[in-house]
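Engineer: Fold the stuff below for me.
(chains A and B)
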There are 2 protein chains.
Amino acid sequence: MKPTLPQGTRDFAPDVVYKRHYILKIIQSVFELYGYQPIETPAFENLQTLTGKYGEEGDRLIFKILNNGLNEPKKEEKIRAAFEQAIKGKSDPDLTERALRYDLTIPFARFVVMNQNDLAFPFRRYQMQPVWRADRPQKGRYREFWQCDADVVGSNSLINEAELMAIYRESFHLLNIPEIILRVNNRKILSGLAECCGAVELLTDITVAIDKIDKIQLDGVIKELGARGLADNQIEMISNYLNIQGNTKEKIEKMKSFLSESETAQQGLEELEETLKYHEHLSNQEWESEVEVDFTLARGLNYYTGFIAEVVTKAVNMGSIGGGGRYDDLTGLFGLKNLSGVGISFGIDRIYDVLSELDIFPDTMQSNTKLIFLNLIPESLKDIFGYLKLLRENGIAVEYYMDKGKIDKQLKYANKRNIPFVAFIGEEELKNKTIKLKDMESGEQEILNIMALKDLLIKM
Amino acid sequence: MKPTLPQGTRDFAPDVVYKRHYILKIIQSVFELYGYQPIETPAFENLQTLTGKYGEEGDRLIFKILNNGLNEPKKEEKIRAAFEQAIKGKSDPDLTERALRYDLTIPFARFVVMNQNDLAFPFRRYQMQPVWRADRPQKGRYREFWQCDADVVGSNSLINEAELMAIYRESFHLLNIPEIILRVNNRKILSGLAECCGAVELLTDITVAIDKIDKIQLDGVIKELGARGLADNQIEMISNYLNIQGNTKEKIEKMKSFLSESETAQQGLEELEETLKYHEHLSNQEWESEVEVDFTLARGLNYYTGFIAEVVTKAVNMGSIGGGGRYDDLTGLFGLKNLSGVGISFGIDRIYDVLSELDIFPDTMQSNTKLIFLNLIPESLKDIFGYLKLLRENGIAVEYYMDKGKIDKQLKYANKRNIPFVAFIGEEELKNKTIKLKDMESGEQEILNIMALKDLLIKM
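Structural biologist: Next up is the predicted model:
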């Protein structure tokens, strides 16, 4: 039997794990700097916790777990009935009670509701875990992928938005990704636009159409708005909205007068101004990224009600590498009302692809092992054990090539593992209690004793 | 709807995540010190990769994922047939193609076979990921739990065994767990016992019975051996085997003569001696743990063929907190023959329980946030933003209490979060550009400026 991987899943070999952890650790350190704390939730939830939360399409893409013990005769009738539901596309707890985590937001809401009496509010949490979706796999889209989210619930202050913007910019600064643009908008402005068009009931249609502007341009959005039932004069107004240009200050001023009829829009614009002002105070000159007010930003079908944000880099042709926003009533789904939240998410797989494409992963992540002792003569074994012990006591990762093998084979191993130094102990070195060291990159060799070797490796 | 968690699963709140990561990071650092490298495999595998690998009981406990798209009319006939299999307790790919990871060893074997041309052998890998089993939940037994394994494949050297013993002892030393005993044995000695009894075909029965000695004592083992069909003279021999006493050297000598008729046993005893000798050279005086040759150690139904090991602490009444051994032909399951492997596993959940029970988690892990600025007067906001920025630039995690609220409420938040310092900026401090600092543990207060505050927090 030739083993394979399920479609849309990946193994991560050591070099990839090191690179992924490099990304995760940087983001984690920034989350912590701003007072966010980690939680972890189980890979599977009760199916009813998840169904109905991600729209019809989402429900279809949830991986459901088959109940165990289907062969219990006592339950047969119920299980058969549940199966008849399943082949009609409906889930039934007698066949499947559990389902794999589809995102980190719903489990977070569930966590907050279940732990509301123990948590200190405002509760800032981050979470970095895989999620699973039965989507058709394609380039850059997997059935198992990691999400990396930071959210705060229980605070209405717009300083949260400003700090989350800072978290984005600081993280991408530390990851050295160039030409980062952080686009921000406020859903209330889009609501105001719908009001001013007299199309409040079509807000979702407007949002979904505008959300596609990056892919289908203004012409495409106009066509889609028509298809979604908006009248010509409404479409013209939306088109004018999308065409507002200028620097941040100008755009906001123009929009204030363009949507002067809508109180909601004015509130959204004021919130945006206040958020930007807070962010200005919190942000750092070193962060080279740009903040851009983008009234065409809509963030699709999400449950956002205020601030929305999205991150792209102009250096690579790829979709957004992060996004988020404020939602007024997330935990209401589970019975805890009036708790506002705001959060952001990092697209780890895409960030990985960006760093790969730009070739900006640090070199140092190839291997942790600094040196390997080759296996040349058996009499050296005792000395080598002593050296391994001493180097490891000093925190230096070292290996010994334990099995017999030609020197070529041993060197090939060291090369393949990207181990920077190789140590030879032959008759001569054994007699003199020295070590012949080879720098695998430069090819240079030197003879030294163990203390000199230790000092050399500690400095690396 | 009141949300709940699926039976046998757990949320990890921040304090628990910090503690779990503390354990994982220590073990990871030791793995790296010995040249082991991380890999990660998907949460689900093709069902056929897993079935038949864990025994009948194991197959029953695998969580299977329901295929998506069960409502496609074209497939209905096949799906119905698959369902009829399922209610007979058999899996069929037309209903379920995928299943959740049950352990880390089989996915590792699959990984090695699939990547054999890219890997440098001997390949040392570690893996720290959750696994899922549909076991009946009970105290200390979960349906989702983490495994933490290190294995090497492609090397026959017993120095691997010695290094894995060192990894155990160094890890538990760094975790400060007292009274650790590392029990070691060799499966070949048990095979030799079966040979000498004339019960080679009952080796599994002998192994399974002996494995229970900690729970059911010698009397219980004797009873079980009888029930499993061993004759009185065979049972007497096994009983004598189990009664061999003395220090390490004495025990090995006695066993050599007790099983002198079996070449296999002699080989196992020599391997054990050699492993212990290597370990002696690699081990460190600081590690207070004991190594104990334990001929009653059997390690149950596992696929081990040579060295076996198990770790317990006498300080807490709990089962083993680690175990492992050598297996001759793990990747043979997937068509790659003659690759020997040896590995160990850490029981993370039990180690967590041991540290909790002994109350030996470091205090410093309560919260990353060092200080919170209270929200007293709005005029101070701009100064506070500057302070937040400066402290974060110096790597100090700080927060601001953003929402308005009574001081009591704000202090309660700081307390609940275990934030060690609280900063007050009232009229007086604002005027003087100072900060009133309160140490939440001692209750002491002092007035200082931002640079002095920074210096104080950096030192912590």
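Engineer: Name the residue of the stretch 201-350 of chain A that lies nearest to chain B.
Structural biologist: When scored by C-beta to the nearest C-beta, the stretch 201-350 of chain A has A:His281 as its residue closest to chain B, at 3.7 Å. Bear in mind the C-beta positions are built from the backbone N, C-alpha and C, glycine included.
Engineer: In this model B:Tyr387 seems to touch that residue, though I could be wrong.
Structural biologist: No: A:His281 sits out of contact with B:Tyr387 when judged by C-beta atoms under 8 Å, with a separation of 10.6 Å.
Engineer: Identify the residues contacting the residue of the stretch 201-350 of chain A closest to chain B.
Structural biologist: Residues near A:His281 by C-beta atoms under 8 Å, 6 or more residues apart in numbering or on different chains: A:Ala162, B:Lys382, B:Phe385, B:Gly386, B:Lys389.
Engineer: Let me know the secondary structure of it.
Structural biologist: In terms of secondary structure, A:His281 is helix; the call rests on DSSP: H, G, I helix; E, B strand; the rest coil.
Engineer: pLDDT at it, what is it?
Structural biologist: According to the per-residue confidence, A:His281 scores 95 in pLDDT.
Engineer: Next: A:Gly69.
Structural biologist: pLDDT, A:Gly69: 84.
Engineer: secondary structure element for it?
Structural biologist: Secondary-structure assignment from DSSP states H and E places A:Gly69 in no helical or strand segment.
Engineer: quick one: contacts for it?
Structural biologist: Counting by C-beta under 8 Å, 6+ apart, the residues that A:Gly69 touches are A:Lys75.
Engineer: A:Ala309 belongs to a strand?
Structural biologist: Yes: the assignment for A:Ala309, made by three-state DSSP, places it in a strand.
Engineer: And it, how close does it get to A:Ile189?
Structural biologist: Distance from A:Ala309 to A:Ile189, counting by C-beta to C-beta, to the nearest Å: 13 Å.
Engineer: Chain B contacts on the stretch 151-300 of chain A?
Structural biologist: Those residues of the stretch 151-300 of chain A that sit near chain B, judged by C-beta under 8 Å from any C-beta of the partner chain, are A:Ser155, A:Asn156, A:Ser157, A:Ile159, A:Asn160, A:Tyr278, A:His281, A:Leu282, A:Ser283, A:Asn284.
Engineer: Mind checking which of these are in helices?
Structural biologist: Using DSSP state H, the members of these that fall within helices are A:Ile159, A:Asn160, A:Tyr278, A:His281, A:Leu282.
Engineer: Of those residues, just the buried ones, PyMOL syntax please.
Structural biologist: Those of these that count as buried under 16 or more other C-beta atoms under 10 Å in any protein chain shown are selected in PyMOL with:
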select buried, chain A and resi 159+160+278+281+282
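Engineer: Which members of the ones in helices among the residues of the stretch 151-300 of chain A next to chain B are the farthest-apart pair?
Structural biologist: A:Asn160 and A:His281 (14.1 Å; C-beta to C-beta).
Engineer: Check whether the helix-or-strand element of chain A with minimal mean pLDDT comes near chain B.
Structural biologist: Ranked by mean pLDDT, DSSP states H and E, the weakest helix or strand in chain A is helix A:55-61, scoring a mean of 88. Yes: with C-beta under 8 Å from any C-beta as the threshold, helix A:55-61 lies in contact with chain B, specifically through A:Arg60, A:Leu61.
Engineer: Between helix B:14-33 and the one helix or strand A:Glu32 maps to, find me the angle.
Structural biologist: A:Glu32 is located in helix A:14-33, with elements delineated by DSSP H and E. Helix A:14-33 runs at 150 degrees relative to helix B:14-33, counting by axes from the mean of the first three to the mean of the last three C-alpha atoms, to 10 degrees.
Engineer: just the CA coordinates of helix A:14-33, formatted as PDB?
Structural biologist: Output of helix A:14-33 as PDB, limited to C-alpha atoms (Å, rounded to 0.1, in the frame of the first residue of the first chain):
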ATOM      1  CA  PRO A  14      11.400  20.600   9.600                       C
ATOM      2  CA  ASP A  15      12.500  23.500   7.500                       C
ATOM      3  CA  VAL A  16       8.800  24.500   6.900                       C
ATOM      4  CA  VAL A  17       8.000  24.100  10.600                       C
ATOM      5  CA  TYR A  18      10.900  26.400  11.600                       C
ATOM      6  CA  LYS A  19       9.700  29.000   9.100                       C
ATOM      7  CA  ARG A  20       6.100  28.800  10.200                       C
ATOM      8  CA  HIS A  21       7.100  29.000  13.900                       C
ATOM      9  CA  TYR A  22       9.200  32.100  13.100                       C
ATOM     10  CA  ILE A  23       6.100  33.800  11.800                       C
ATOM     11  CA  LEU A  24       3.800  32.700  14.600                       C
ATOM     12  CA  LYS A  25       6.400  33.600  17.300                       C
ATOM     13  CA  ILE A  26       6.700  37.200  16.000                       C
ATOM     14  CA  ILE A  27       3.000  37.700  15.800                       C
ATOM     15  CA  GLN A  28       2.600  36.100  19.300                       C
ATOM     16  CA  SER A  29       5.200  38.400  20.800                       C
ATOM     17  CA  VAL A  30       3.300  41.500  19.500                       C
ATOM     18  CA  PHE A  31       0.000  40.200  20.700                       C
ATOM     19  CA  GLU A  32       1.500  39.800  24.200                       C
ATOM     20  CA  LEU A  33       3.000  43.300  24.100                       C
END
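Engineer: picking up where we left off before, and which of the contacts of A:His281 is nearest B:Gln445?
Structural biologist: B:Gln445 has its nearest neighbour among the contacts of A:His281 in B:Gly386, at 22.1 Å by C-beta to C-beta.
Engineer: Can you give me every residue that contacts the closest one?
Structural biologist: Contacts here follow C-beta under 8 Å, 6+ apart; on that basis B:Gly386 touches A:His281, B:Ile450.
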